Each structure stands twice: as structure tokens, then as C-alpha cells.
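1. show me the folded form of this:
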Amino acid sequence: MTLLETAVAFVKSAGQPTESDSERDGFLSYKSETHAVGLGIAAGFFATAHGETQLLALVYGAAVYGKAYEASGQRRRLWKDVRSEPHYALGGAVAGSVFGILAGWLVRLAGQL
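-> Residues are numbered from 1 along each chain as shown. Alright, predicted model coming up:
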């Protein structure tokens, strides 16, 4: 199996509706995990790189307290995914914060050159 085929298989399994529908079990094996980690990464990045903490507060509230922004349609599903997979959301927020710090350092470094 080539690297591209492996990547495509990973992405397809990460989009499955439930973990039992996925061909594999583990990290990002279905869409709730993928949604939760994606929102967490975005929240952490925007909080550290741009100082925008609103998304981080919403992700934290949904993950820790089960409270979420009352939305409709697809947005409601995303917040439900964060509530069902809080460890992915919080881990994503930490990873996003690291990315945001690194991005800030790179921007400052590029400005000094």
C-alpha cells in the first residue's frame, strides 16, 4: 500500500458515522473524534496566535461542563461531538496552542530577518 493509499484510507475511516462503522479502532477512527480534535486545535491556535479566546471558552465549556452554544443543524452536531469526545477536544486545544506559539515565534523571527 502506498503512502497516498494509506492516507486516503485513514481519512475515509476518520469520517465514519460511528466507531463500529470504522475499519479500525483508535485515534481519529470516526467523525466525532475528528470533529472534537479539529475544534480543539482551532480553539488553541486562535487563543495563542491571535488572542481570540471565545472559541476556546466554548470548547472548554462543552468538553468539561457539557455546556455548549445552542446552535442548529450541523453546528449542534459539532458541539455534541465535543461533548462526547472531550479528551480529543482538550488535547486538540493543547496541540493548537503549541502550533500557535510556534507560529508566533516564526512570525517574530521572520520580522527580524
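2. let me know the helix or strand that Gly111 is in.
-> For Gly111, the element it lies in under DSSP states H and E is helix 86-112.
3. any idea of the mean pLDDT for that helix?
-> For helix 86-112, mean pLDDT is 93.
4. buried residues in it?
-> 86, 88-93, 96-97, 99-100 (16 or more other CB atoms under 10 Å). The C-beta positions use only the backbone N, C-alpha and C, and glycine is treated the same way.
5. now those in a markdown table, with distance to Phe45?
-> Shown next, in a markdown table, are these (distance: CB to CB, whole Å):
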| residue | distance to Phe45 |
| --- | --- |
| Pro86 | 18 |
| Tyr88 | 15 |
| Ala89 | 13 |
| Leu90 | 14 |
| Gly91 | 14 |
| Gly92 | 9 |
| Ala93 | 9 |
| Gly96 | 4 |
| Ser97 | 7 |
| Phe99 | 5 |
| Gly100 | 4 |
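6. among the residues you listed, which one sits closest to Gly38?
-> Distance ranking of these against Gly38, using CB to CB, places Gly92 first at 6.8 Å.
7. residues in contact with the closest one?
-> Contact analysis of Gly92 by CB atoms under 8 Å, 6 or more residues apart in numbering lists 36-44.
8. repeat that with 10 Å
-> 33-45, 59, 63, 82, 85 (CB atoms under 10 Å, 6 or more residues apart in numbering).
9. same deal with Val59?
-> 36, 39-44, 47, 68, 79, 82, 86, 89-90, 92-93, 96.
10. list the contacts of Leu90.
-> 36-37, 40, 43-44, 59-60, 63-64, 82.
11. for Ser32, give its distance to Glu52.
-> Distance of Ser32 to Glu52, given as CB to CB, to the nearest Å: 25 Å.
12. the two: which has the busier surroundings?
-> Shown here are Ser32 and Glu52; by other CB atoms under 10 Å, Ser32 has more neighbours (22 against 13).
13. surely the more buried one and His87 touch.
-> No. Here Ser32 does not reach His87: they are 11.7 Å apart, not a contact under CB atoms under 10 Å.
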